[in-house]
Structure formats: structure tokens, C-alpha cells
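S.K.: Turn this into a structure:
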Amino acid sequence: MSEDGPAKRRKILHWDPSAAPGSPPPGGSSGGAAPPPGVGTPPPRRRWVWIGLVVVVAFAAWFGWRVYTVLQEWPVEDEAALVGPPETPLPESPPPLSPPRAAAEAARTAAESALQNARRQIAGGPGAERLFALERSFADGDRALGRREWDAAAARFTAVREGVQRLLSDMRAETEAEELLETFETRYAAARVARAYNPRGLEGATDLHQGAEEAYRAARFVEARDRAREALAVLEAATAAAQTQLDNALRSGRQALADGDGPRAQEIFQRILQRLPDEEAAVIGARRAATIADVLLLLTRAQAEESAGDLANARTLYARALELDPLAADAQQALSRIDRKLEDQAVTEALARVASLQQAGRWDAAEAEINTLRQRYPANSRVREQAEAFAAERRAARLQIGLRAAREAEIANDWPRARQIYLDLFALGFDRPEVVGGIERTGTVLRAEQAFHFNVNAAATAAANHNYQEAISLFNNALANKPGFVSLTMEQEALRELLDRQSRPVPVRIETDGRTLVGYTGPQNRAPAIMGRSEVVELLPGRYRMRGAKARYRSVDVELIVRAGEATPVVRLIPTERQ
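M.R.: Residues are numbered from 1 along each chain as shown. You can find the predicted model right below:
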């Protein structure tokens with residue numbers, strides 16, 4: 001019933017058989033009365049409806065229970081994908097997977113990782129067919145997993161992982177076996193000493209190698225690898241044993257040579273050459289055995305000459321012995337010893353010559369001698385030390401010699417040479433006060449001398465242009481700054497006498513008409529002013545420009561050169577030309 005209002009009453013319909021189609025009318029032939037309502041058997045259709053409802057409810061209950069059971073075993077990610085993320089966090093985590101299913105999933109992950117590793121290593125190479133079969137087995141495991149056959153899927157995935165391991169192991173064994181077989185062949189080809197001194201050891205190694213090749217051709221790669229490794233080990237042992245025998249034989253021959261027993265050494269080396277005709281050590285030993293007697297004789301004579309002090313002759317004998325026997329250790333050591341003695345003698349004599357040249361002041365010759373020594377004996381410590389000491393002494397001597405030469409040049413008033421010597425010393429690194437002071441002093445003197453000559457030449461030029469007063473000023477300035485060592489030349493003395501004469505005024509007569517303005521410019525200047533008809537003025541020698549000016553007349557300009565020692569000049573400044 002609804003809670004929103006009063007309960008509705010259901011309408012009760014009474015069944016009237018007479019109202020049904022095809023039923024007899026009331027009061028029919030039966031003649032009986034109608035049965036009362038609610039009395040009688042329910043119709044068959046309503047019974048089947050209730051039966052159907054019961055069946056539907058039962059099926060819905062069973063289906064709901066089945067769905068709940070499946071969802072309990074479904075992965076959490078699948079369930080999240082179906083129902084979507086919850087709006088609020090779930091209060092509890094989903095139940096874990098069942099142990100059989102978890103084992104199957106773990107086996108699948110391990111098998112998939114193994115397959116990925118195999119794909120990277122094989123990549124279409126050998127083993128691709130076996131890898132393809134393992135891929136099919138992995139797919140079978142996925143199908144078993146889809147059917148929820150957890151144990152079967154886990155077994156399939158485990159078999160796939162183990163198969164991948166066996167495949168990769170076989171591939172590694174194949175590669176290692178191939179490399180070992182190639183290494184064996186290479187070393188066997190080079191085992192000439194073993195073939196000569198240990199053939200049985202080589203036979204054992206060869207047998208193992210053949211077995212390794214047969215296993216390799218039969219695709220038994222692990223067996224092939226192990227057999228090839230064993231064959232290589234046997235080969236190396238046989239080679240080492242043979243080399244030991246050869247080394248012992250060579251050592252015996254060399255000992256016989258050291259003892260001076262040529263025949264015994266010859267016999268030992270010949271036995272070696274019978275087995276190994278191309279053994280270089282044995283060839284050299286046999287050659288030395290043939291000449292050992294001559295070598296010993298030369299060494300004996302050389303030692304006698306060395307004891308007597310004749311190093312040159314001793315060296316010659318040692319060298320001849322070494323030519324016969326290049327491996328003669330006694331001859332080699334003796335030559336080194338003689339060379340050191342000869343070098344010491346040569347160095348001692350050369351250093352004595354250097355000292356003598358130094359004492360004589362012949363530094364250039366001494367330097368040439370020490371340079372020759374350094375080139376001839378670059379590793380000699382005495383030469384190196386003496387060269388360093390000589391360089392220091394040479395430097396000090398060069399400074400003293402340079403300073404002495406510069407002072408002598410200054411005394412001789414050869415200032416350019418003195419300055420150049422000081423500059424050379426400074427360029428060599430001598431920045432001592434006497435050198436720097438010499439550069440400054442000579443520079444001052446040379447600049448003063450240069451200024452003197454410049455002023456004298458300028459004075460001569462001015463005198464030649466009749467600018468006597470300017471020339472006098474320049475000449476006086478030159479004399480005032482003239483260095484004491486500089487003397488006047490004949491030309492300069494003549495110039496001084498000329499300028500001395502031109503330093504005194506000279507009378508000059510000027511004639512006008514008494515109404516003319518007279519002015520002049522030159523060593524002396526006069527502003528325009530009226531002058532008498534004839535006046536005499538005292539003018540310093542030089543070049544003048546005079547002008548006579550009068551109103552309404554054109555001016556008269558006269559250039560006049562006044563010189564001492566000449567007749568008194570007369571200048572007429574009378575304008576006569578009207579404008």
C-alpha cells in the first residue's frame with residue numbers, strides 16, 4: 001500500500017459463466033440456480049502463470065549467484081575496467097588471486113621475459129625455428145589461461161622458459177665451440193716446435209679435436225665445446241713441453257759457448273737444426289761455435305792492450321771480436337767500457353782547451369769548443385755541467401767587456417757606438433743600473449749633439465736668406481747647448497764671424513719731401529710717421545720692407561737688405577704718382 005493517501009480498494013469481479021461467449025443463457029435447460037461467487041475450481045491458465053513466475057525467480061537467483069562467484073575470481077584491473085573507478089575509495093582491497101592462478105601468472109611473466117631476451121639475441125639468426133616453436137607453446141599457455149586451466153597454463157609457461165634457456169645455452173655453446181675449433185687450428189698450424197719435440201702430445205690433441213668436430217656437425221654443441229676446450233688445453237700443454245725442451249737445448253749450447261767449448265756447442269746446435277732447420281737461435285749459435293776460438297783469441301789480445309793503456313788498439317780488437325760474434329757479451333761490455341774511457345779522455349782534453357781559451361780572453365773560440373763537445377757527447381754530465389758554468393761565466397765576461405768597450409767609446413767621444421753597446425747589453429738581459437744609466441747618458445749627449453747641429457744648420461740657412469738676427473739667435477742657442485766634446489768646424493767658425501759682424505747696427509739714410517709718412521718692418525720696426533727730408537737711422541742687419549705714404553699719392557714700397565761692412569745705403573721714399 002502507498003503511504004501517500006488512503007488505500008485504494010480493489011474491485012472484485014464475480015465470474016458469471018452465463019456472460020461468457022457461447023455460454024447458455026441464465027435459466028437454461030439445466031434448470032438449476034447459478035453457483036454462488038467464489039465457489040468452484042480455478043481455471044488452468046492462472047496456474048501456469050504462477051509456475052512461470054517461480055521458475056523466473058529461481059533462474060534469476062541462480063544467475064546472480066554465478067555472477068558474484070565469477071567476479072570474485074576476475075582480476076582487479078578487469079573489474080575496474082568494467083565498473084569504472086569508484087567515486088570514493090573502497091573501504092577494503094579486492095581479494096587476492098587464487099594460488100593456482102597466481103602461479104600461472106608468474107610463470108607467464110617469466111616465460112615472456114625469457115622470450116623477449118631470446119628475440120633480441122636471435123633476431124632471425126640460427127635458432128629461429130626453435131624460437132618459433134616456443135612462441136607457439138607460449139600461445140597454447142595463453143589459451144589454457146583463458147580457459148582458467150591454471151595448472152596446465154603454468155606447466156606450459158614453465159616449459160617455454162626452460163626451452164628458451166636450453167636454446168640460448170645451445171647457441172652459446174655453438175659459438176664457443178666454433179671459436180675454440182678455429183683457435184685450435186690456428187695454434188696447431190703454428191706448433192712447429194711441438195711437432196719436432198712432442199709429436200705424441202699433438203696426436204692426443206688431434207684426436208680430441210676430431211671428436212669435437214664430429215659433435216659439432218651432429219649439433220651436439222655442448223659436447224663439441226667441451227671436447228674442443230680439452231683439445232686446446234692438450235695442445236697448449238704439448239707446445240709448452242716442447243718449448244721447454246728446445247729452451248733447455250739452446251741453454252746448453254750457449255753455456256758451451258760461454259765455456260769456450262766450440263765443438264760441444266756445435267754438436268748441440270746441429271742436433272737442434274736437424275729437428276728445426278729454421279730455428280734462428282740455433283743457426284746463430286752454430287755460427288758462433290764455428291768462430292769461438294778466434295773470438296777468444298781477439299778478446300785475450302784486447303784485454304792485454306787495455307791493461308797496457310792502449311785504449312784505441314784495444315777498442316779495435318774488441319770491435320773485431322764483436323764482428324765475428326755479435327752476441328759476445330764480453331766484447332760488448334768491453335766496448336762500452338773502452339768507449340766511456342775514451343770519452344772521458346776526450347772530454348778532459350777539450351775542457352782543458354776551453355779553460356785555456358777563457359784565460360786568454362778568446363771567448364768565441366771557447367764557446368765554439370764547448371758547443372762541439374755538447375754535440376758530440378750530449379749525454380755526458382761533465383760536458384753539460386761545464387757548458388752551464390761556461391754560459392754563466394761568458395755572460396758575466398760579456399757584461400764586463402761590453403761595459404769596458406762602452407766606457408772607452410765614451411772617452412773617445414764615440415757616443416753612437418757607446419749607446420749601441422749599451423743597447424746590445426740591455427737586449428741580452430743585462431738590466432743593471434750601469435747599463436740603464438749608460439743608455440740614458442749617451443741618449444742625452446746624442447740628443448744634445450743632434451740639437452746643436454740642427455740649430456747651426458738652421459742658423460746657416462737663415463743667414464743665407466739675410467735673416468741675420470734670427471740666425472744669431474739660433475747660433476747662440478746652439479752654442480749654449482753644445483756638448484763639450486763637439487768642436488766647431490771651419491764653416492761653423494766662418495758663420496760665427498759673419499753673424500758677429502751682422503750683430504751691430506748699420507746707419508741708413510732715408511730721404512723724403514718732409515710731408516711723407518715713413519715706416520718699415522724687419523729686424524726693427526717703425527710705425528708710419530713724418531720724417532725730415534734727410535735722416536740717418538741705425539738699423540740692425542737684415543731684410544727690411546719700407547713704405548712712404550702721402551695723401552692722394554700712391555705709396556712707395558722699397559725692400560732693403562742691410563749688411564754690415566758695406567757703404568751706407570740711401571733710401572728715397574717720395575711719392576710722386578697721384579692716385
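
S.K.: Contacts only, for the nearest residue to L342 once chain neighbours are set aside.
M.R.: Residue nearest to L342 in three dimensions, not counting chain neighbours: L311, with 5.6 Å by C-beta to C-beta, 6 or more residues apart in numbering. Every residue, glycine included, has its C-beta placed from N, CA and C. The contact partners of L311, by C-beta atoms under 8 Å, 6 or more residues apart in numbering, come to 305, 338, 341-342, 345.

S.K.: could I get those as TSV with pLDDT and secondary structure?
M.R.: Below are those laid out as TSV (pLDDT from 0 to 100; DSSP: H, G, I helix; E, B strand; the rest coil):
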residue	pLDDT	secondary structure
E305	83	helix
I338	86	helix
K341	85	helix
L342	85	helix
Q345	86	helix
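
S.K.: what's the span of stretch 253-270 from first residue to last?
M.R.: Start-to-end span of stretch 253-270 (C-alpha to C-alpha, to the nearest Å) is 10 Å.

S.K.: Rounded mean pLDDT for that stretch, please.
M.R.: Here stretch 253-270 scores 83 as its mean pLDDT.

S.K.: Now do the buried residues in that stretch.
M.R.: 253-254, 256-257, 261-262, 264-266, 268-269 (16 or more other C-beta atoms under 10 Å).

S.K.: ok, residues contacting it?
M.R.: 249, 252, 272, 282-283, 285-286, 288-290, 292-293, 296.

S.K.: make it 7 Å
M.R.: Residues outside stretch 253-270 that contact it (C-beta atoms under 7 Å, 6 or more residues apart in numbering) are 249, 252, 282, 285-286, 288-290, 292-293, 296.

S.K.: What about the nearest residue to E367 once chain neighbours are set aside, how many residues nearby?
M.R.: Distances taken as C-beta to C-beta, 6+ apart place R394 nearest to E367, at 6.4 Å, with adjacent residues excluded. Neighbours of R394 under the rule other C-beta atoms under 10 Å: 16.

S.K.: element containing R394, please.
M.R.: Using DSSP states H and E, R394 maps to helix 381-411.

S.K.: cool, and Q375?
M.R.: Per DSSP H and E: Q375 is located in helix 363-376.

S.K.: repeat for V536
M.R.: Judged by DSSP H and E, V536 forms part of strand 534-539.

S.K.: Adjacent strands (with direction) for the very next helix or strand once past that strand?
M.R.: The first helix or strand that comes after strand 534-539 along the chain, using DSSP H and E, is strand 542-549. The strands that strand 542-549 pairs with in its sheet are strand 517-521 (antiparallel), strand 556-562 (antiparallel) (by DSSP bridges).

S.K.: Centre of the chain to the very next helix or strand once past the last one, how far?
M.R.: The one in question is strand 556-562. Using DSSP H and E, the helix or strand that follows strand 556-562 in sequence is strand 570-572. Remark: strand 570-572 is offset 95 Å from the chain centroid, using C-alpha atoms, centre = their mean, to the nearest Å.

S.K.: I'd like the mean pLDDT over strand 570-572, please.
M.R.: Averaging pLDDT along strand 570-572 yields 91.

S.K.: my read is F430 is in a helix, agree?
M.R.: No: under the criterion used here (DSSP: H, G, I helix; E, B strand; the rest coil), F430 is coil, not part of a helix.

S.K.: Hmm, D294 is touching A328, no?
M.R.: No: between D294 and A328 there is no contact under C-beta atoms under 7 Å: 10.9 Å.
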